[in-house]
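[1] A predicted structure for the sequence below; I have some questions about it.
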Amino acid sequence: MNRRMIIFLVLVLIWGGPKALGILTDWLWFTDLGFAGVYRTRLLAQVTLFILGAAGGLGLVWGSAVLATRLSRQAIGAPHLIGSGLLNERQFAVTVAGGSLVVGFMLAAGFSGQWDQILRFLRPTAFGAADPLFGRDIAFFVFALPVYRFLQGWLLTVVLLALLAGIAVYAFRLVLPQLPTRTDEETEPWSPASLRLVLSRPMKAHLFGLGAALFLLLAWGYRLSVYELVYSPRGAAFGAGYADIHARLPALWFLVALSVLAAALLLVGIRRPGVRLATTAAGAWVGAAILVGGIYPAVIQRLIVQPQELERERPYIERTIRLTRQAFALDRIAETVAVGEEMVTAEEIAQRPATIGNIRLWDPEPLLTTYNQIQSIRLYYDFVSIDVDRYTIDGRYRQVMLGARELAPQRLPAQAQTWVNRRLQFTHGYGVAMSAVNEVTPEGLPTFFLQDVPPRGKIPIDQPELYFSERATDYVIVRTRFPEFSYPKGDENVYTTYAGKTGVHIGSLSRRLLFAWRFRDLNILLTDAITSRSVILYHRNVRERVARLAPFLRLDSDPYVVVADGRLFWILDAYTQSNRYPYAQPHRERFNYLRNSVKAVVDAYHGTVTLYVAEPADPLIRTYARIFPRLLRPLAELPASLRAHLRYPQDLFAAQAEMYRLFHMQDPRVFYNKEDVWVLPEEIYIDKPREMAPYYVIMRLPDAPREEFMLILPYTPPGKQNMITWLAARSDGQGYGKLLAFRYPKDKLIFGPMQIEARLNQDPAISEQFTLWSQGGNRVIRGNMIVIPIGQSNLYVEPIYLQAEQGRLPEMKRVILASGNRLAMESTVSAALRGLYAAPEVRRPAAGRAPAAAAAPSDAGLDPASLLRAVQARQARIQEELRALEADLQRLLRLLEQKR
């Protein structure tokens, strides 16, 4: 074996070794989850496409270079030094082969990367609807057209590289030797004009043939551009407009014909002397592309369309409206005209105890801080996010907030940051904390339904360990000689041993060597803690876990934890999306088709992943079900205990709400003039304005028999602050997924969120109280403004939190209610409601320099544990205030020293 072959094999090992190890460990992971067939399908597609891409790309580029080498060798005679003596024939051949190999691998990698699109192309599902311009099923545009465009671009690149490779070889072998040496320069003058490249007929056939192929591929590209007019952004609305159809469409057909003609001229030019015919064809194509493809449509747009744009564009605007509404499921929104009464009546309040009893007083941001202060228990536990859900607790339908208590091993003391601790012992989080959205303790803290470790409360949890979660990113090895830490108990710790269903066995030497290489961690190989029963858990982050299993799905940004049947689960909403839906205007994130097609469930203990089809009518998910028949399961198989916690996803609702701002207008004239555009309202959060986000509430729709869990968002007109519409998405039972829009009459003033915020700012009593709190060394946090439709009017809710300047524990101190022209700020919802209906004028809260504490409840009926928690919470607050006071004293001392 010569030295070059050894170097080549070493390079292949360096490049391919990690990839092979990655493939093997991924295979073990998929097999462990029971989805080996899914990975086999993907891997087979990727390998097949890589081989095809390498064969096509490498074969054409290298073949062109080799052919040019042979033809030029015939022209110059016997082998000799090439390129003014730079290389001999052997060195030149090795250089050509090496360069072609690199290019071929790059082309093959690009081809293999399209496995998803090509598999969809081979298993398409009809949409059952045709585009209005060509009459083809939308499946052609979503599944076939992207693949055709990729193949056209890929082949164009390959042919262009082959052409450049041939030209480079001819130049290197035939032109470079004509350059003068130093001796030549000393004896006679030389000019670049003396360089000549005389092509034999075989050479011309080589280059002109590739040039003709290039023009034929350009013709194919123009043909595809005809179909892609349905994505034109140039008219009054997205999609092919008047100028596109009457100017660009014929121009593209002309360019198709011209490109074919140019290819024919190149083939004819093979037998003609010189290259004039080829340069004429190329020049004519360039000129026509500029004139016909660019200038002519612009002239039509300016002279014919713009003077009467609405009349010309009306039918195409109708297409955009109709297909955009289809693509984002806006055509499913049931629109209702709301009466829009000024004020919620006391009778309507009394008739909706479940709505009033679930008014949200806690916002996720301050509640997350509170959870981390009073429920993380130890420094190595952490809450990453707060989720909103609903549970039936003590026979009542309750909206709750909850968070998973995750492990944060990076917070261990420095001396405890050992490999054994991070990889073998501190392996999992523990339990959840859950609190009522509407309840507050006398200390301004949440009332918990689930708390502490081990978890205790209203809902039983038999298996509280979280080996799989939002934060878990590192691998861990379980069932080792070291027990796994669960939680502290007194002066001792409680340990457990993982008994889950998943985990790749790592007991053998070969497996340990494999994973030591994969994770670049020699400790896996050296430790004696691993036994024959040990398994390694990796890809433990729930988003990553689902994404690796189904990379073709877009995941919602908010996985949420669910307590069901005594166990913990993660539910993730997953979407199918496309940017190829004809005539549908894209969302700002560039997709123009979106469906919540899958509900993914990850067992927090076992790590099993199950994907349930939530929208079986979606052609994209039906196509993936044909590609991966064992991956997706019907939603009917989802256990009822988990089905009760499905919710309409926020990311989908936010995208639909944004598109609905414009596409609720279905009249082309109104749409063209943007006469009725809506905007998302703003609110004051903390002390600055920001755009409102969708929020979950439990409320009763007008004329509905009971309360439901739903997601809502109001709208306002642009440049104004009154509320004009609110959009709702239902999440419960048979109503799941139904969208409702309640539009207020335009001749009625319905207060928007910022108008209520302005009234709060202008109210002297409320402003005075905020000022007094701020002067008392507290930070006033104005919470989310929640608009709750009740009957034919709205109730506006804004919680107020206080946080010490040097503290980190926000306390909920006041709630502001508003309806009609009345405001009330009190310590509880019930007190604020009494104030709201007590008198026509605004209820003025009692002013004071320090924050007024809520009325202390009686100790009667409280168990000792509750009393202890209350004392501990109050003690925590006192400690925060003492620290703040100490900081103030330190600043005062520094100022006194400076004055001295």
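    Done, it's in. Numbering: from 1, shown residues only.
[2] Flag every buried residue along stretch 330-341.
    330, 333, 338, 340, 341 (16 or more other CB atoms under 10 Å). Where you see a C-beta, it was placed from the backbone N, CA and C, and this is true even at glycine.
[3] and the gap between the residue lying closest to residue 735 once chain neighbours are set aside and residue 699?
    Leaving aside its chain neighbours, residue 735 sits nearest to residue 708 (6.6 Å; criterion: CB to CB, 6 or more residues apart in numbering). Residue 708 sits 7 Å away from residue 699, taking CB to CB, to the nearest Å as the criterion.
[4] Domains in this protein, by residue range?
    Following automatic domain parsing, the chain resolves into domains at 36-182, 358-540, 552-646.
[5] Would you tell me which of those domains gets closest to residue 784?
    For the domains of the chain, the distance to residue 784 is smallest for domain 358-540, at 4.9 Å, taking CB to CB.
[6] Could you work out the end-to-end span of the closest one for me?
    34 Å (CA to CA, to the nearest Å).
[7] and what of stretch 113-126?
    End-to-end for stretch 113-126, by CA to CA: 25 Å.
[8] Same question for stretch 244-252.
    By CA to CA, one end of stretch 244-252 lies 10 Å from the other end.
[9] buried residues in that stretch?
    Buried residues in stretch 244-252 (16+ other CB under 10 Å): 244, 245, 246, 247, 248, 249, 251, 252.
[10] Let's see which of the residues you listed end up in helices.
    With helices taken from DSSP state H, the overlap with these comprises 249, 251, 252.
[11] ok, so of the residues you listed, who is nearest residue 64?
    Of those, the one sitting nearest to residue 64 (CB to CB) turns out to be residue 252, at 29.7 Å.
[12] was I right about the closest one contacting residue 228?
    No. The criterion here is CB atoms under 8 Å, and residue 252 misses it with residue 228 at 9.4 Å.
[13] any idea which helix or strand comes after the helix or strand of the chain with the lowest mean pLDDT?
    Using mean pLDDT, DSSP states H and E, helix 182-187 stands out as the lowest-scoring helix or strand of the chain, at a mean of 51. Per DSSP states H and E, helix 182-187 leads on to helix 201-227 as the next helix or strand towards the C-terminus.
[14] and that following helix, what does it pack onto?
    Where contact means 3 or more CB pairs under 8 Å, 6 or more residues apart in numbering; DSSP states H and E, helix 201-227 is packed against helix 36-76, helix 145-170, helix 249-269, helix 276-290.
[15] Now do the buried residues in the helix or strand following the longest one.
    Taking DSSP H and E as the definition, the helix or strand that follows helix 36-76 towards the C-terminus is helix 89-112. Going by neighbour count (16+ other CB under 10 Å), the buried part of helix 89-112 is 92, 96, 100, 103, 104, 105, 106, 107, 108, 110, 111, 112.
[16] and the angle for helix 89-112 with helix 145-170?
    170 degrees (axes from the mean of the first three to the mean of the last three CA atoms, to 10 degrees).
[17] can you dump the C-alpha coordinates of helix 89-112 into PDB?
    The C-alpha coordinates for helix 89-112 follow below in PDB (Å, rounded to 0.1, in the frame of the first residue of the first chain):
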ATOM      1  CA  GLU A  89       0.800  13.800 -16.200                       C
ATOM      2  CA  ARG A  90       0.600  11.600 -13.100                       C
ATOM      3  CA  GLN A  91       0.400  14.600 -10.800                       C
ATOM      4  CA  PHE A  92      -2.100  16.300 -13.000                       C
ATOM      5  CA  ALA A  93      -4.400  13.200 -13.000                       C
ATOM      6  CA  VAL A  94      -4.200  13.000  -9.200                       C
ATOM      7  CA  THR A  95      -5.100  16.700  -8.800                       C
ATOM      8  CA  VAL A  96      -8.000  16.300 -11.200                       C
ATOM      9  CA  ALA A  97      -9.300  13.200  -9.300                       C
ATOM     10  CA  GLY A  98      -8.900  14.800  -5.900                       C
ATOM     11  CA  GLY A  99     -10.700  18.000  -6.900                       C
ATOM     12  CA  SER A 100     -13.500  16.000  -8.600                       C
ATOM     13  CA  LEU A 101     -13.800  13.800  -5.500                       C
ATOM     14  CA  VAL A 102     -14.200  16.800  -3.200                       C
ATOM     15  CA  VAL A 103     -16.800  18.400  -5.500                       C
ATOM     16  CA  GLY A 104     -18.600  15.100  -5.900                       C
ATOM     17  CA  PHE A 105     -18.900  14.600  -2.200                       C
ATOM     18  CA  MET A 106     -20.300  18.100  -1.800                       C
ATOM     19  CA  LEU A 107     -22.900  17.500  -4.500                       C
ATOM     20  CA  ALA A 108     -23.800  14.100  -3.000                       C
ATOM     21  CA  ALA A 109     -24.300  15.600   0.400                       C
ATOM     22  CA  GLY A 110     -26.600  18.200  -1.000                       C
ATOM     23  CA  PHE A 111     -28.600  15.500  -2.900                       C
ATOM     24  CA  SER A 112     -28.800  13.300   0.200                       C
END
